[in-house]
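Asker: Give me the fold of what follows.
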Amino acid sequence: MTVLQVLQATTAYFKKHSVESPRLNAEHLLAHVLGRKRIDLYLEFERVLTDSELAPLRALVKRRGEGEPLQHLLGTVEFCGHVFLCDKRAMVPRPETEQLVEFLKSEIQNPKSKILDVGTGSGVIALNLAIEFPEAEIVAVDISDDALALAQENAARLNLATRVRFLKSNLRENVEGCFDVIVANLPYISIQDRQSLSREVLHDPEVALFASARGDELVRELIAQAPSQLRPGGMLALEIGIGQGDALFSALAEKNYRDIYSKTDYSGVTRFLFARYG
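Answerer: Numbers count the residues shown, from 1 in each chain. Next up, the predicted model:
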């Protein structure tokens, strides 16, 4: 089969198995197997592929059709223009979190800020902020040993191992000192909503997805804890779940935060909350 025929057959297979963006997925996997860039495939449509090239592709296509995330199969994900390792040890970074990072880049005025990333996962928030603010002091924490290991691998990959300090902690339990910015993308899905999630999302670690019955319990806990470690005027930045904005806005106000405001994601959903304390 030629490159074009393989792409067409794989796209049809993915459509049959309800894979979102089937052609794009097919291109990514074939380019990965061939060690090419996606754009290179368009220059090789007529090239006949060998059995040794098709064998690993077949295995990956089967796994993708069964719902395994594309990022896990590729082993990497692009986030804010940088390539990160990505596997089942941490949640696949979402486009919404890229927006959170971009908002933070414009909100952080002091290039020497002390920043705490709570629930760092694969480390994408902390590491992007380390790139953007080379003089900042950054601490990143997670309750998962697996996630921390992945984050440290990403730090080494980006030559940032000495720029971010990684620490195992349940929220800010094991963290000392005060910070100018505390940012968190914590689990915010109710365990009761499990059945509504896609096959791909369910490949993420449960500890990275689910809070408890309501979904916003961990976010509320951090809202209550953060003031003790925010410097005067320090900022708390949160990514939150759908429909949680109003209640968490009120929770911030009840804890005497000020300058509270929200921002929407690409879909127009209230997804981010920002507030200052003291």
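Asker: Going by C-alpha atoms from here, please, whenever you check contacts or count neighbours.
Answerer: Noted.
Asker: now the strands: where do they sit in this structure?
Answerer: 76-79, 82-85, 114-118, 137-142, 164-168, 179-184, 230-239, 258-264, 270-277 (DSSP state E).
Asker: partners of the third one, with directions?
Answerer: What it means is strand 114-118. Strand 114-118 pairs in its sheet with strand 137-142 (parallel), strand 179-184 (parallel), by DSSP bridges.
Asker: Compare the ones you listed and report which one is nearest to residue 37.
Answerer: strand 137-142 (32.5 Å; Cα to Cα).
Asker: mean confidence score for the closest one?
Answerer: Confidence for strand 137-142, expressed as mean pLDDT, is 98.
Asker: thinking again about what came up before, same list (the strands paired with strand 114-118) but as TSV, adding mean neighbour count and distance to residue 199.
Answerer: Listed next are the strands paired with strand 114-118 as TSV, based on neighbours: other Cα atoms under 10 Å; distance: least, Cα to Cα, whole Å:
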stretch	mean neighbour count	distance to residue 199
strand 137-142	24	24
strand 179-184	24	25
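Asker: I'd like those as TSV, with distance to residue 164 appended.
Answerer: Conversion of the strands paired with strand 114-118 to TSV gives the following (distance: least, Cα to Cα, whole Å):
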stretch	distance to residue 164
strand 137-142	5
strand 179-184	14
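Asker: picking up where we left off before, just send the strands of the chain back as TSV, with distance to residue 19 too.
Answerer: What follows is the strands of the chain, written out as TSV (distance: least, Cα to Cα, whole Å):
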stretch	distance to residue 19
strand 76-79	18
strand 82-85	22
strand 114-118	32
strand 137-142	31
strand 164-168	35
strand 179-184	30
strand 230-239	27
strand 258-264	27
strand 270-277	26
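Asker: Looking at those strands, spot the one closest to residue 94.
Answerer: Comparing the strands of the chain by their distance to residue 94 (Cα to Cα), the top pick is strand 76-79, with 8.3 Å.
Asker: just checking, what packs against the closest one?
Answerer: In terms of contacts (3 or more Cα pairs under 8 Å, 6 or more residues apart in numbering; DSSP states H and E), strand 76-79 is packed against strand 82-85.
Asker: In the strand it packs on, which residues are buried?
Answerer: 84, 85 (16 or more other Cα atoms under 10 Å).
Asker: can you pull the alpha-carbon coordinates of that strand into PDB?
Answerer: This file holds the C-alpha atoms of strand 82-85, laid out as PDB (Å, rounded to 0.1, in the frame of the first residue of the first chain):
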ATOM      1  CA  HIS A  82       7.200  23.100  23.500                       C
ATOM      2  CA  VAL A  83       7.300  19.300  23.300                       C
ATOM      3  CA  PHE A  84       6.700  17.400  26.600                       C
ATOM      4  CA  LEU A  85       6.800  13.700  27.300                       C
END
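Asker: which phi and psi does the nearest residue to residue 225 once chain neighbours are set aside have?
Answerer: Counting by Cα to Cα, 6 or more residues apart in numbering, residue 225 lies nearest to residue 172, which is 7.7 Å off, once chain neighbours are set aside. Reported as degrees, to the nearest 10, the phi and psi values for residue 172 are phi -100, psi 20.
Asker: residues in contact with stretch 131-140?
Answerer: Contacts with stretch 131-140, where a contact means Cα atoms under 8 Å, 6 or more residues apart in numbering, come from 105, 111-120, 123, 126, 130, 163-167.
Asker: Would you map the helices across the protein?
Answerer: 3-16, 22-34, 38-41, 51-65, 70-74, 95-107, 124-132, 145-157, 206-209, 217-225, 245-254 (DSSP state H).
Asker: Just the buried residues of the fifth one, please?
Answerer: Spelled out, that is helix 70-74. Per 16+ other Cα under 10 Å, helix 70-74 contains these buried residues: 70, 71, 72, 73, 74.
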